[in-house]
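Peer 1: What follows is a predicted protein model with its sequence.
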Amino acid sequence: NHLRVRSKLARLSAVFIVPVAFLTWLLVAQSGKDMDFAAKEIEGVAYIDALRGLSAAVLGGYHGGPQGTTADALAAAQEARRRHGEAMGVDDLAPRMDQAVAELGAPVATVRAAQAAVRAVVARVGDQSNLILDPDLDSYYTMDLVVVKLPDLVDQMSQSLDVALVAGSAQATITDKIDLAARNGSLQTAIAAVVTDLETALANNPDGALKTALNSRYAAFKASVDSYADALGKLVEVAVTGTGADTDTGGPDALKRLHAAAQAATISFWGDCGGQLDRLLRVRLAGFQGKLAWNLGMVAVVLALAGLLTVLVTRSLCAALSAQCRRMASLAAGDTVSAVPGRERRDEIGTIAAALETFRLDLAELDRLRHEAEAVKQRAEAERRAYILVLAEEFEGKVKGVAGQGRMGNKIDNSSSRSIAATEAAQRASGKTRSLAESTHQLSEAIGDIRTQVNDSHAVAGDAVAAAERTGRTVRGLADSAQRI
């Protein structure tokens, strides 16, 4: 009750701002989580790309293929670990990978150990970088290609080549041939998984940019992998079923060349998919940032409009109340002429103004009646004074007449023969004079009564006239007595 209306409205606005601020904080916090999630995925993609290069270097010289620069690839992987590895939880796997790559040699077992170590780190990065939890379909299936399907295909091709070389030799056993058939089936499954993931990712990409970027590269990858898979299938047909013996498989060297080409195409396509995954994640991150900026901008605009509206309403309300207060003060000072402002409003201020206008009209009517009563009183006072003057003049004339008759009595008094009678007459005249004085006193009291009660003035004046008449009769009686004397 001690606060001004402006202060109350300001505090009320602040109370309404609190939930808006809380919701804005929730929005910023959630957007921050989404952006951190996507940013960590981008770090994971960068780390996996370095591991992809290391995998290519490890498998580069496998079975006579081009030798990879494992030292440079390992250094790049270690640099990626320094940049991103702290958040990826690979501290236990990375040293074993480094050791396996350092021990890489001609034996197939060392190559497989190094490749397995690389794949273990890739899987860990996929788990810890949130990639495995990617929420969008296009980026999720692209992620599945980068983290799971393409690395698995690289392994399946390498292992199938190992088994094919053994099963195609003269010393191959039935177990080797069955193993070759199983490896061929695993290879076909891995190829089909890659195709399925890619088709799903392309189908669920809203802007179609993924298809545009990967179509031609996918065609080259698929052709190379299919060529190796077809050659491996023919070898399985010859080795396991004994049919198609006349089929020319090209021998082990041709199979190795097809494997090397398919492996290079797969690792290259792995890198292409990683690049597209990075692009999708960056687009998503930019979308989060843009959405946050838009939402914050809208919140700022809404708050600005709300603040402006609050200021305008506050100023309007306070100005209207101030105008009413000033009008009340002027009305208390006696200004009943000026109209009350705000009577046309339809809110509570208008109600107050209407009530104040009614009060003003009542006061104006009272002033008018008071002025009329004062005028009536002044006219009555003037009439009373005029009537008293008339009575006084008449009284003065009659007194003067009595005085004249008194002087005539004095002349008669000189008569020696009627001296005693004159004395008695003088005494009676003196008594009549006292009666006249008493009548004059009564007239004065009547005049006093006239001053206090205007409405009785005529009655008092009538009494004065009657008293004057009695005095006149008395004077006339005195004159008659004087004549008789």
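Peer 2: Structure's in. What do you need?

Peer 1: Checking the most centrally placed residue in the chain next. Helix, strand or coil?
Peer 2: When the chain is reduced to its mean C-alpha position, the nearest residue by Cα atoms, centre = their mean turns out to be Leu303, at 4.1 Å. Of the three states, Leu303 takes helix under DSSP: H, G, I helix; E, B strand; the rest coil.

Peer 1: what residues are up against it?
Peer 2: When the contact criterion is Cβ atoms under 8 Å, 6 or more residues apart in numbering, the partners of Leu303 are Ile17, Val20. (Glycine included, C-beta is placed from N, CA and C.)

Peer 1: what about Gln188, helix or strand, and which?
Peer 2: Under the assignment given by DSSP states H and E, the secondary-structure element containing Gln188 is helix 174-203.

Peer 1: For the stretch 101-250 of the chain, which segments count as strands?
Peer 2: In the stretch 101-250 of the chain, no segments count as strands under DSSP state E, counting those that start in this stretch.

Peer 1: Under the pLDDT cut-off, which ranges of it? List them.
Peer 2: For the stretch 101-250 of the chain, applying pLDDT under 70 flags the ranges 106, 240-250.

Peer 1: And the helices in it, which stretches?
Peer 2: Per DSSP state H, counting those that start in this stretch, the stretch 101-250 of the chain has helices spanning 108-128, 137-144, 150-167, 174-203, 209-236. These are given in chain order.

Peer 1: and those helices as TSV, adding mean neighbour count?
Peer 2: TSV is the format used below for the helices of the stretch 101-250 of the chain (neighbours: other Cβ atoms under 10 Å):
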stretch	mean neighbour count
helix 108-128	20
helix 137-144	24
helix 150-167	23
helix 174-203	18
helix 209-236	18
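
Peer 1: which one of those helices lies closest to Arg284?
Peer 2: Proximity to Arg284 (Cβ to Cβ) singles out helix 137-144 among these, at 7.0 Å.

Peer 1: what angle separates that closest one from helix 209-236?
Peer 2: The directions of helix 137-144 and helix 209-236 differ by 40 degrees, with axes from the mean of the first three to the mean of the last three Cα atoms, to 10 degrees as the criterion.

Peer 1: coming back round to it: could you check the angle the helix holding Gln188 makes with helix 137-144?
Peer 2: For helix 174-203 against helix 137-144, the angle between stretch directions is 150 degrees (the same axes, to 10 degrees).

Peer 1: For the stretch 301-450 of the chain, just list every one of the helices.
Peer 2: Under the criterion DSSP H, counting those that start in this stretch, the stretch 301-450 of the chain contains helices at 348-413, 419-452.

Peer 1: By mean pLDDT, show me the worst of those helices.
Peer 2: Taking the average pLDDT of each of the helices of the stretch 301-450 of the chain, the minimum falls on helix 419-452, with a mean of 51.

Peer 1: Between the helices of the stretch 101-250 of the chain, which one is closest to Thr24.
Peer 2: Distances from Thr24 to each of the helices of the stretch 101-250 of the chain were compared using Cβ to Cβ; the shortest belongs to helix 137-144, at 28.2 Å.

Peer 1: the inter-axis angle of the closest one versus helix 108-128?
Peer 2: Helix 137-144 runs at 150 degrees relative to helix 108-128, counting by the same axes, to 10 degrees.

Peer 1: Which secondary structure elements does helix 137-144 sit against?
Peer 2: The helices and strands touching helix 137-144, judged by 3 or more Cβ pairs under 8 Å, 6 or more residues apart in numbering; DSSP states H and E, are helix 174-203, helix 251-332.

Peer 1: In contact with Arg279, which residues?
Peer 2: Taking Cβ under 8 Å, 6+ apart, we find Arg279 in contact with Ala209, Ala213.

Peer 1: Could I get the pLDDT score of it?
Peer 2: We have a pLDDT of 96 for Arg279.

Peer 1: For it, give its distance to Asp138.
Peer 2: The span separating Arg279 from Asp138 equals 11 Å under the rule Cβ to Cβ, to the nearest Å.

Peer 1: Gln99: what's it in contact with?
Peer 2: Gln99 makes no contacts at all, as judged by Cβ under 8 Å, 6+ apart.

Peer 1: Could you tell me how many residues sit around the nearest residue to Ala39 once chain neighbours are set aside?
Peer 2: By the measure of Cβ to Cβ, 6 or more residues apart in numbering, the closest residue to Ala39 outside its immediate chain neighbours is Leu285, 6.3 Å from it. Other residues within reach of Leu285 by the criterion other Cβ atoms under 10 Å amount to 18.

Peer 1: for Val311, same thing?
Peer 2: By other Cβ under 10 Å, 14 other residues sit near Val311.

Peer 1: Check the one 3 residues further on too.
Peer 2: A count of neighbours around Thr314, defined by other Cβ under 10 Å, yields 18.

Peer 1: quick one: it and Arg326, what's the gap?
Peer 2: As for Thr314, its distance to Arg326 is 18 Å (criterion: Cβ to Cβ).

Peer 1: And Met298, by the same measure?
Peer 2: Relative to Arg326, Met298 is positioned 41 Å away (Cβ to Cβ).

Peer 1: next one: Asp91
Peer 2: Spatial separation of Asp91 from Arg326 under the definition Cβ to Cβ is 78 Å.

Peer 1: same question, Leu145
Peer 2: For Leu145, the distance to Arg326 under the criterion Cβ to Cβ works out to 79 Å.

Peer 1: cool, Val299 as well?
Peer 2: In this structure, Val299 lies at 40 Å from Arg326, with Cβ to Cβ as the measure.

Peer 1: Between the two, point out the one with more neighbours.
Peer 2: Counted by other Cβ under 10 Å, Val299 and Arg326 do not tie: Val299 has more neighbours, with 16 against 11.
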